[in-house]
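Student: Provided below for reference: sequence and predicted model.
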Amino acid sequence: MSMSDTFQKRMQELHQSFIKFDALQKDRIQRYRNIEPDSALFLAMQVRIQQSKNILEIGTSTGYSTLWLANAAQTSQGHVTTLEIDPARTQQAQQYAQELQLSEVIDFWIGDAQSFLEKAEQQYDFILLDAERDAYVDYWQYLQHMLHPENGVMFVDNVISHAAEVKQFMALVKSDERFMSMTLSIGAGLFMICYK
């Protein structure tokens, strides 16, 4: 079995275990709420096609999408910085990264994403936003400057499954004439943004 097959098989196992965990949680916040497998695969393909070097993920959870991004980033000597407020989830994600030999490719940052964004000076050629949706409007003032103007692309998850919660954010992006955007009906819905 090749590394790719081993990776995909392990990711399927993790996805199944995360779904089982979520099904037992009554409180939404307690759920892992990982990205859909189709979305994760699509994003990993984007990283490969684009040969992304600087990747930012907002919302690690247990690292399902992080691992996909990191695995893809290896093809371009890229690097993933992932932000998560919950230390226990970050620790879980770190264990999976170690197991899949992806630790070198990932920086795990623990804390409120807003604090990271306020201080960030780096530009990223790939950003995945998959966090608490009520914060997106506040995040946008920082993210628009962090997205590389020439080759940067940003994806926002759950825009079809939770359309009402991201409506204001999407309207804000669409009203900015510097950007173009579209909604992709992959997984729970991905909103894709880049500079014109």
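Tutor: All right, it came through fine.
Student: give the contact list for Phe169.
Tutor: Arg133, Tyr136, Val137, Trp140, Val156 (Cβ atoms under 8 Å, 6 or more residues apart in numbering). In this view, the C-beta of every residue, glycine as well, is placed from N, C-alpha and C.
Student: can you name the element that comes right after the helix or strand harbouring His15?
Tutor: Using DSSP states H and E, His15 maps to helix 3-23. Downstream of helix 3-23, the next assigned helix or strand under DSSP H and E is helix 37-50.
Student: the residue minimising distance to the centre of the chain: what secondary structure?
Tutor: Among the residues of the chain, the one closest to the centroid is Leu128, at 3.5 Å (Cα atoms, centre = their mean). Classification of Leu128 by DSSP: H, G, I helix; E, B strand; the rest coil places it in strand.
Student: how about it, nearest residue that isn't a chain neighbour?
Tutor: Leaving out its chain neighbours, the residue that sits closest to Leu128 by Cβ to Cβ, 6 or more residues apart in numbering is Glu57, at 4.6 Å.
Student: helix or strand for that neighbour, which one?
Tutor: Using DSSP H and E, Glu57 sits within strand 54-58.
Student: right, and Tyr142 touches Leu117 too?
Tutor: Yes. Between Tyr142 and Leu117 there is a contact at 3.8 Å, judged by Cβ atoms under 8 Å.
Student: who has more neighbours, these two?
Tutor: Under the criterion of other Cβ atoms under 10 Å, the comparison of Tyr142 against Leu117 puts Leu117 first, with 20 against 16.
Student: Trp140 versus that one, what's the distance?
Tutor: Going from Leu117 to Trp140 by Cβ to Cβ, to the nearest Å gives 10 Å.
Student: ok, back up a step: was I right to think the residue nearest to Leu128 contacts Tyr124?
Tutor: No. Counting by Cβ under 8 Å, Tyr124 is not a contact partner of Glu57; they are 9.7 Å apart.
Student: out of the helices and strands in this structure, which is least certain?
Tutor: Least confident helix or strand of the chain, by mean pLDDT, DSSP states H and E, is helix 3-23 with a mean of 79.
Student: no more questions from me, cheers.
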